[in-house]
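> sequence below, structure please.
(one chain, ligands or ions: 1)
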Amino acid sequence: NNVAIYYGQGSGQDRLSHFCEQTSMDIINIGFINEFPQSVGDFPGSNFANQCDGSFFPGSSLLSGCHQIWEDIPKCQAAGKKVLLSIGGGSATAQSLPDDKTAEWFADFLWYSFGPYNSKVASLSWTTALLTTAFPRPFQTVAVDGFDLDVEYNGGVGWAAFVNRMRWHYSTVSDKTYYISGSPQCQIPDAQLSDAIKNSVFDFLWVQFYNTPSCAASNFANGTSGFNFDQWVDVIQASANKDTKLFIGLPASKTAANPGNYLTPDQVQPLVETYMNAYPKQFGGLMLWEATAGDENVIDGTTYTEHMKEILYG
Ligand SMILES: CNC(=O)NC(=N)Nc1ccccc1
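Modelled structure (predicted):
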């Protein structure tokens, strides 16, 4: 089982290599592509907090100077970790897609700009002059291992088309496996992703069992009803991919999300034991929001993230 973790929005966060040197994380979601194209040909925008040098591709909100990220992703991959680029996140800027055509353009843009480098369609020295003939390479020649949909606002238009278009791109390469994941809120049906989950193939779903008290994992810890992992298994059984791995998403510290939804390691242990044993095939592991919070949440000399890894490995 795996620990998936979000990186990129931590306050005063260390560079990515600091986290990839730790064995406790298996999948790292780099957040966020926080502005979506509003028409075919439009550029997305990105935000990785303190990790880039403030330069943008001309005429866009797409960061072009994320030196530490493009230097460190290969180190993470060499350490056997999967690095996914996360779309959406908590800040509601232009986070809606107008239609399926724009969604498919968005998938094309992300694939050619952050997927495998192809000098026929992308340029390492992109300028506005190239706007119509080449895609930029925000992480240079580095290719991520896939894309994560942390879609939190503005409805579900386009996401099934996005995923299906991205799956078509994945089918054109055979030398590397690429992944697609999603991070729905725990209330069923999730307003943003339920259509995409039903009509397109996800490898992983890490449900945010926090921030929505009615279905948070803290209900399990407090002995109240509401935690709905079982119902999420049913959602997956009715989806386009019955083999989707289902992760329990948790805050990595008391202040990382809604404080009432934080579980101590001692409360996480029985939660994992119950659901790992109830659904051995479907249970994928734990997702943590987020890396810096987990790193700074030290309990008995061990980080929260490390405690989670030890709970999964028993
Ligand atoms: C997995 N994605 C998130 O957890 N996104 C997110 N915005 N979380 C959040 C953290 C603190 C307050 C509100 C939302």
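> could you use CA atoms for every contact and neighbour count after this?
OK.
> what residues does the stretch 51-200 of the chain put near the ligand?
89, 90, 150, 183 (CA under 6 Å from any ligand atom).
> filter those residues down to the buried ones.
Buried members of these, scored by 16 or more other CA atoms under 10 Å, are 89, 150, 183.
> what segments of the stretch 151-300 of the chain are strands?
179-182, 204-208, 245-251, 283-289, 298-299 (DSSP state E, counting those that start in this stretch).
> how long is stretch 274-293 from one end to the other?
26 Å (CA to CA, to the nearest Å).
> buried sites along that stretch?
For stretch 274-293, by 16+ other CA under 10 Å, it's 275-276, 282-293.
> returning to that earlier point: closest to residue 78 out of the strands of the stretch 151-300 of the chain?
strand 179-182 (17.2 Å; CA to CA).
> could you give the average pLDDT over the closest one?
Strand 179-182 carries an average pLDDT of 98.
> could you shift the numbering so residue one becomes 443, and keep it that way?
Right, with 443 as the first residue, what we last looked at is strand 621-624.
> now it - C-alpha only, CSV.
This file holds the C-alpha atoms of strand 621-624, laid out as CSV (Å, rounded to 0.1, in the frame of the first residue of the first chain):
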residue,chain,number,x,y,z
TYR,A,621,-1.4,7.4,-14.4
ILE,A,622,-4.5,9.4,-13.8
SER,A,623,-5.8,10.1,-10.3
GLY,A,624,-8.6,12.2,-8.7
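> contacting residues for the closest residue to the ligand within the stretch 443-592 of the chain?
The stretch 443-592 of the chain approaches the ligand most closely through residue 532 (3.3 Å), counting by CA to the nearest ligand atom. Taking CA atoms under 8 Å, 6 or more residues apart in numbering, we find residue 532 in contact with residue 594.
> where does it land in three-state SS?
Classification of residue 532 using DSSP: H, G, I helix; E, B strand; the rest coil returns coil.
> how about residue 589?
Applying three-state DSSP: residue 589 is strand.
> can you list the residue ranges for helices in this structure?
458-462, 509-520, 542-556, 601-612, 636-641, 660-664, 671-679, 707-720, 733-738, 746-755 (DSSP state H).
> quick one: contacts of the longest one?
Looking back up the chat, that one is helix 542-556. Here helix 542-556 makes contact (CA under 8 Å, 6+ apart) with 478-483, 485-486, 539, 560, 563-564, 577-581, 584-586, 599-601, 603-605, 607-608, 611.
> of the residues you listed, select the buried ones using a ChimeraX command.
The ChimeraX selection below is limited to those of the contacts of helix 542-556 classed as buried (16+ other CA under 10 Å):
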select :478,479,480,485,486,539,564,577,578,579,580,581,584,585,586,599,600,601,603,604,605,607,608,611
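> coming back round to it: to residue 568, which of the strands of the stretch 593-742 of the chain lies closest?
strand 621-624 (26.8 Å).
> so what does that closest one touch, helix or strand wise?
strand 588-592, strand 646-650 (3 or more CA pairs under 8 Å, 6 or more residues apart in numbering; DSSP states H and E).
> pipe these into JSON lines and attach mean pLDDT per row.
Shown next, in JSON lines, are the helices and strands packed on strand 621-624 (pLDDT from 0 to 100):
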{"stretch": "strand 588-592", "mean pLDDT": "98"}
{"stretch": "strand 646-650", "mean pLDDT": "98"}
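> just put those strands in CSV and tack on distance to residue 498.
Formatted as CSV, the helices and strands packed on strand 621-624 follow (distance: least, CA to CA, whole Å):
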stretch, distance to residue 498
strand 588-592, 21
strand 646-650, 31
